[in-house]
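Colleague: Could you work out the structure for the sequence below:
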Amino acid sequence: MWRESKALIFLLLTSTLQGSTFPLQKLVVGGVSPFVYNVVRFGSAALLSLWIFGPGKFKRGFLLGLVLCGAYIFQIWGLKFTSAAKSGFIVSSFVFFVPIFSFLLEGEKPRKEHLFSFIVGFLGIYLLTGGIGGFSSGDLLQLFCAVLFALHVVLITRFSRVEREKDMMFWQFLVVAVINLAFGANNFHLPVGALIVGLYSGVFATVFGILWQMRYQKEVGSNTTALVYMTQPFISLVLSILLLGEKMNVPQFVGGLITAFALLTGTCVRKKKST
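Modeller: Numbers count the residues shown, from 1 in each chain. Predicted coordinates:
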């Protein structure tokens with residue numbers, strides 16, 4: 001039981017770090033190419049991983065890097081055309097794609113409490129972030145991002161059972177940095193704010209966040225991990241209020257409570273049954 005609890009704590013911390021990047025990125029992406037920003041974020045992550053863990057192994061890190069690269073290009077690109085809160089909602093919808101990929105790639109069937117929590121959690125996230133409210137081109141890009149994030153989650157569970165976490169770090173991040181550099185080399189304008197946020201995201205949300213994700217996700221499975229990541233839009237909204245001046249209304253507050261209930265239901269009910 002302690003093993004699973006520890007895994008959930010670190011996954012929640014990962015969700016917090018990654019959720020914090022939405023409003024921070026919204027502050028800076030207006031003045032910088034998304035490709036250049038991703039070079040900073042994942043280039044710094046690759047260098048730090050190389051220094052701490054060494055080069056690791058190529059194959060699985062490369063595959064994870066390709067999927068992650070597509071996800072972040074769509075995310076940062078889409079943020080130019082939608083709000084941070086809407087981005088948090090749409091990208092967080094990746095949790096509803098996770099069971100599909102998890103079943104197709106791993107044969108992991110969601111339990112009844114998972115299905116209940118996914119449905120309740122969708123309602124909570126919808127209220128929390130204000131829903132779609134007019135689907136734009138930016139929202140479509142965020143949806144593509146969500147699908148790739150879901151695939152990345154399931155691949156991490158699959159690969160981390162046969163590969164050491166540290167061996168999938170460097171190549172994964174280097175692939176993202178190099179591909180973004182190829183697209184953004186002709187427009188390499190980098191304001192100080194984008195540099196600072198990129199380094200923060202690279203070190204904390206990327207290196208430590210993904211390391212913990214790869215280490216602890218296999219302990220609880222892809223579906224439970226997806227439920228933990230439903231906290232991301234709440235974190236995104238709170239920081240959007242603090243940093244961007246966005247307001248929280250009553251439906252959003254209720255949505256936060258519903259999301260928390262869904263998380264507790266999906267992660268705690270099974271523990272109680274198994275004790």
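
Colleague: buried set for stretch 225-244?
Modeller: Buried residues in stretch 225-244, defined by neighbour count with 16 or more other CB atoms under 10 Å: 225-240. (Each C-beta comes from the backbone N, C-alpha and C, glycine too.)

Colleague: Just the ones in helices from those residues, please.
Modeller: 225-228, 232-240 (DSSP state H).

Colleague: Now render those as a markdown table, adding distance to L148 and pLDDT.
Modeller: As requested, these are exported to a markdown table (distance: CB to CB, whole Å; pLDDT from 0 to 100):
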| residue | distance to L148 | pLDDT |
| --- | --- | --- |
| T225 | 16 | 82 |
| A226 | 14 | 78 |
| L227 | 19 | 77 |
| V228 | 19 | 82 |
| Q232 | 15 | 77 |
| P233 | 18 | 72 |
| F234 | 22 | 75 |
| I235 | 21 | 79 |
| S236 | 18 | 76 |
| L237 | 23 | 74 |
| V238 | 26 | 79 |
| L239 | 23 | 80 |
| S240 | 23 | 77 |
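
Colleague: Helices along the stretch 151-275 of the chain, start to end?
Modeller: 170-184, 192-200, 209-220, 222-228, 232-244, 250-274 (DSSP state H, counting those that start in this stretch).

Colleague: need the least confident one among those helices, by mean pLDDT.
Modeller: Across the helices of the stretch 151-275 of the chain, helix 250-274 has the smallest mean pLDDT, namely a mean of 64.

Colleague: Restrict stretch 10-24 to CA atoms and write it as CSV.
Modeller: The C-alpha trace of stretch 10-24 is given here as CSV (Å, rounded to 0.1, in the frame of the first residue of the first chain):
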residue,chain,number,x,y,z
PHE,A,10,5.2,11.7,-6.9
LEU,A,11,2.7,11.6,-9.8
LEU,A,12,0.7,14.3,-8.2
LEU,A,13,3.9,16.4,-7.8
THR,A,14,4.6,15.7,-11.5
SER,A,15,1.1,16.9,-12.4
THR,A,16,1.6,20.1,-10.3
LEU,A,17,4.9,20.9,-12.1
GLN,A,18,3.5,20.3,-15.5
GLY,A,19,0.2,22.1,-14.8
SER,A,20,2.2,25.2,-13.7
THR,A,21,3.6,25.5,-17.2
PHE,A,22,0.3,26.5,-18.9
PRO,A,23,-0.1,30.0,-17.5
LEU,A,24,3.7,30.6,-17.5
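
Colleague: Other residues contacting it?
Modeller: If you take CB atoms under 8 Å, 6 or more residues apart in numbering as the criterion, stretch 10-24 is touched by 79, 84, 87-88, 91, 197, 200-201, 204-205, 208-210, 212-213, 215-217, 220, 225, 228-229, 231-236, 239-240, 242-244.

Colleague: same check, this time on stretch 213-228
Modeller: Applying CB under 8 Å, 6+ apart, the set of residues contacting stretch 213-228 is 3-4, 6-8, 10-12, 14-15, 94-96, 98-99, 101-102, 106, 108, 110-111, 114, 117-118, 121, 150, 153-154, 156-157, 159-161, 165, 168, 262-263, 266-267.

Colleague: Try it again at 6 Å.
Modeller: Residues outside stretch 213-228 that contact it (CB atoms under 6 Å, 6 or more residues apart in numbering) are 4, 7, 10-12, 14-15, 95, 98-99, 102, 110, 114, 117, 153-154, 156-157, 160-161, 165, 263, 266-267.

Colleague: do stretch 161-173 as well
Modeller: 42, 45-46, 49-50, 53, 55-58, 60-62, 64-65, 211, 214-215, 218.
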